[in-house]
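Undergrad: Predicted model, plus sequence, below.
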Amino acid sequence: MNPLLVLVTAACVARLLWLEYRGRAAAPAAADLRLAAELDREVAERRRVEAELRAVEQRFNGYMDNGPFCAYLKDAEGRYVYVNAFTRRLFPQPWIGRTDADLFPPETAREYAGHDRDVLESDRAKEFDEVSPTESGGVRHWSSVKFPVRDERGRQFIAGISHETTASRAAEERLRASESQLLLALDAGRMGIWSVDLATHELSSSRTFAVLHGRPPERTSLSFEESLESVHPGDRTLVAGAFGRAKDNEAPERVGYRVVWPDGSVHSVEVVGRVFLDDAGRPARVAGVCADVTEIRRAFTALEGKEKLLRSLIEIQEREKQLLCQEFHDGLIQYAVGSQMMLESCRRRFARPAVDAGEGEPRGDAAGDTLEAGDRGADGGINAVLDEVIGYLAKGIEDGRRVIRGIRPAVLDDLGLEAGIEDLVGQFNTPETTVTFSGAPDMSGLPKPLQLTVYRIIQESLNNAHKHSGAAHVVVRLERRGDDVRIEVADDGCGFDPAVVREHGFGLLGMGERARLWGGECAVESGRGAGTTIRVRLPVQGWEPAPGRSLPAVSGAAPPVPPAPHPA
């Protein structure tokens, strides 16, 4: 039984007995009805108090014995006079009348005794973090509240309640370790964390976040408005707008902006943040992470510059190809055609001697048109030579025209993309390989640079299929889907391993690079014995030359070649 309750019950019983004794001493020999009634009331009151005490004691013991905590009472000498059932189950040993020195190791007992003295001397409740050993050699952690109590005779006791915190402390240790690892990883990746209290607009952050914004590492707390001072003036509205959207929407908000350090240098960061709600579902804070992307931005800017240069070089190259084809066609080819025509004229003159219309005899004049007999005998040999020379010229002219078509497709400039691709298909159609083409009718409105990109990719795909696949059938498909142009070239050839060939195949690299420079993508599907399919997506609104941009003039161009004279 609880000693406190025993003391209270004893006092009540003593008072009732005294009242009963006083009533009997004052009563006369004859029964006094009033005294009898008073005694009845006193007895009833005593029974009611006893019942209430028993009920209180039952509730008190029920709470103490079933609560998940240790409850105990010690006298001024440190002897236990009460422990609850939880304590007895957790530490199955005799407690009553024993001290901490009898129950625990000396170091633990001295710690408990010191806490008890502190409570008695201060005469007020105090909270302590205490430990107790386990049988396996470990320790249990406790959060203990101890307070002084006195009985009716003024004797001091120390009451205490201890909650075990071993599991929660272990969880806190794991959380701290996890936070340390996270901060270490964030620091290694030049990333910081931040949080803004929406009620106070106070920003708290990690040290790395402060450093990324040009502030001393120890300045991790300031107002949101103060934090904007390090943002580039041109980006402050952008940052404030992103913060407002993050505050009003539960979806994460991402923004990149520039930061000006005290030394005047400009750095780039990217921030992702989202709103967090309180228990009532109201926005409480906006928090997120920040990454240093300065080097990435610089590399991206440098890459953009190189891509612009490469695009310009491609433009210049196409211009030079066009100029070269014009010079080749209007110069060398024209001279060759003229020479062929002149030789054919000479052959006709040697092969058909002059004949008199009336007599059927050779006709001559003073200018020496009459053929001598020796000359007529050599006529057959001269014709053979002329035929051979004319044949060589015809082959050279055809090869020259084929080279011109390969360098710069005139049909693409003259008749459009579909006609140019149909011309390509015709070039690659052979008795061994059948090439078919299906195209969309709405390609004429595409930008000229895009048309040339489509043509070059299909040209390279057909060239690869012709040289390497051994395919019997090749299918070329061209269509427009929404804002994209889609190309597909499929063959039933021998196929290849894309991972191996891509490292050494300049054709595949060229197609992929052309697609990438236009903002598209190129995918190759193939396997040994499974044929090859090349799929390309090109956005219609891809890169185009800036309006008004002039291309460098091509130096060293030959003057226009006059047309060859028509043979007489």
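TA: Structure received.
Undergrad: What ranges in the stretch 301-450 of the chain fall below the confidence cut-off?
TA: 309, 311-335, 347, 349-381, 383, 399-411, 413, 440-442, 444 (pLDDT under 70).
Undergrad: Please work out which residues outside stretch 231-249 touch it.
TA: For stretch 231-249, the external contacting residues (C-beta atoms under 8 Å, 6 or more residues apart in numbering) are 196, 198, 213, 224, 228, 252-255, 257-260, 266, 271, 273-275, 283, 286, 288. Where C-beta positions appear, they are placed from N, C-alpha and C, glycine not excepted.
Undergrad: Can you select the buried ones from those residues in ChimeraX?
TA: Here is the ChimeraX command that selects the buried residues among the contacts of stretch 231-249 (16 or more other C-beta atoms under 10 Å):
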select :196,198,213,224,228,253,255,257,258,259,260,271,273,274,275,283,286,288
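Undergrad: Among the contacts of stretch 231-249, which ones are in strands?
TA: 196, 253-255, 257-260, 266, 271, 273-275, 283, 286, 288 (DSSP state E).
Undergrad: Least confident secondary structure element in this structure?
TA: helix 3-26 (a mean of 50; mean pLDDT, DSSP states H and E).
Undergrad: Who are the contact partners of Arg258?
TA: Arg258 neighbours (C-beta under 8 Å, 6+ apart): 231-232, 234-235, 266-269.
Undergrad: coming back round to it: which member of the ones in strands among the contacts of stretch 231-249 is positioned nearest Leu412?
TA: Arg254 (42.6 Å; C-beta to C-beta).
Undergrad: Can you name the residues bridging to the closest one?
TA: Val272 (DSSP bridges).
Undergrad: which residues does it contact?
TA: Counted by C-beta under 8 Å, 6+ apart, Arg254 has contacts 242, 270-272.
Undergrad: ditto for Ala280
TA: Contacts of Ala280 by C-beta under 8 Å, 6+ apart: none found.
Undergrad: just checking, it is part of a strand?
TA: No - judged by DSSP: H, G, I helix; E, B strand; the rest coil, Ala280 forms no part of a strand; its state is coil.
Undergrad: Pop the domain breakdown of this protein in here.
TA: 3-162, 171-292, 300-355+375-408, 416-550 (automatic domain parsing).
Undergrad: from what I can see His213 touches Ser227, true?
TA: Yes - with contact defined as C-beta atoms under 8 Å, His213 reaches Ser227; the gap is 7.0 Å.
Undergrad: any low-confidence regions in the stretch 451-568 of the chain?
TA: 499-506, 542-568.
Undergrad: just the helices in it please.
TA: For the stretch 451-568 of the chain, the helices defined by DSSP state H, counting those that start in this stretch occupy 498-501, 506-517.
Undergrad: Now distance to Leu53 too, for the ones you listed, in a markdown table please.
TA: Shown next, in a markdown table, are those (distance: least, C-beta to C-beta, whole Å):
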| stretch | distance to Leu53 |
| --- | --- |
| helix 498-501 | 88 |
| helix 506-517 | 90 |
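Undergrad: Deepest-packed of the ones you listed, please.
TA: Among the helices of the stretch 451-568 of the chain, helix 506-517 has the highest mean neighbour count (mean count of other C-beta atoms under 10 Å), at a mean of 17.
Undergrad: quick revisit: nearest to Arg47, of the ones in strands among the contacts of stretch 231-249?
TA: Once C-beta to C-beta is applied, the member of the ones in strands among the contacts of stretch 231-249 that ends up nearest Arg47 is Pro283, at 60.9 Å.
Undergrad: Skipping adjacent residues, who's closest to that closest one in space?
TA: The shortest distance from Pro283 to any non-neighbouring residue, by C-beta to C-beta, 6 or more residues apart in numbering, is to Val275 (4.9 Å).
Undergrad: And the one you found, how far from Ser206?
TA: In this view, Val275 and Ser206 are 20 Å apart by C-beta to C-beta, to the nearest Å.
Undergrad: okay, and for the stretch 1-150 of the chain, where does confidence drop off?
TA: In the stretch 1-150 of the chain (pLDDT under 70), the answer is 1-32.
Undergrad: Break down the stretch 1-150 of the chain into its strands, ranges please.
TA: Counting by DSSP state E, counting those that start in this stretch, the stretch 1-150 of the chain has strands at residues 70-75, 80-83, 126-133, 139-150.
Undergrad: Mean neighbour count and distance to Ile457 for the ones you listed - can I get that in JSON lines?
TA: Listed next are the strands of the stretch 1-150 of the chain as JSON lines, based on neighbours: other C-beta atoms under 10 Å; distance: least, C-beta to C-beta, whole Å:
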{"stretch": "strand 70-75", "mean neighbour count": "19", "distance to Ile457": "80"}
{"stretch": "strand 80-83", "mean neighbour count": "18", "distance to Ile457": "87"}
{"stretch": "strand 126-133", "mean neighbour count": "15", "distance to Ile457": "73"}
{"stretch": "strand 139-150", "mean neighbour count": "16", "distance to Ile457": "70"}
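Undergrad: CSV for the ones you listed, including distance to Arg110?
TA: Output for the strands of the stretch 1-150 of the chain, formatted as CSV (distance: least, C-beta to C-beta, whole Å):
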stretch, distance to Arg110
strand 70-75, 15
strand 80-83, 17
strand 126-133, 12
strand 139-150, 15
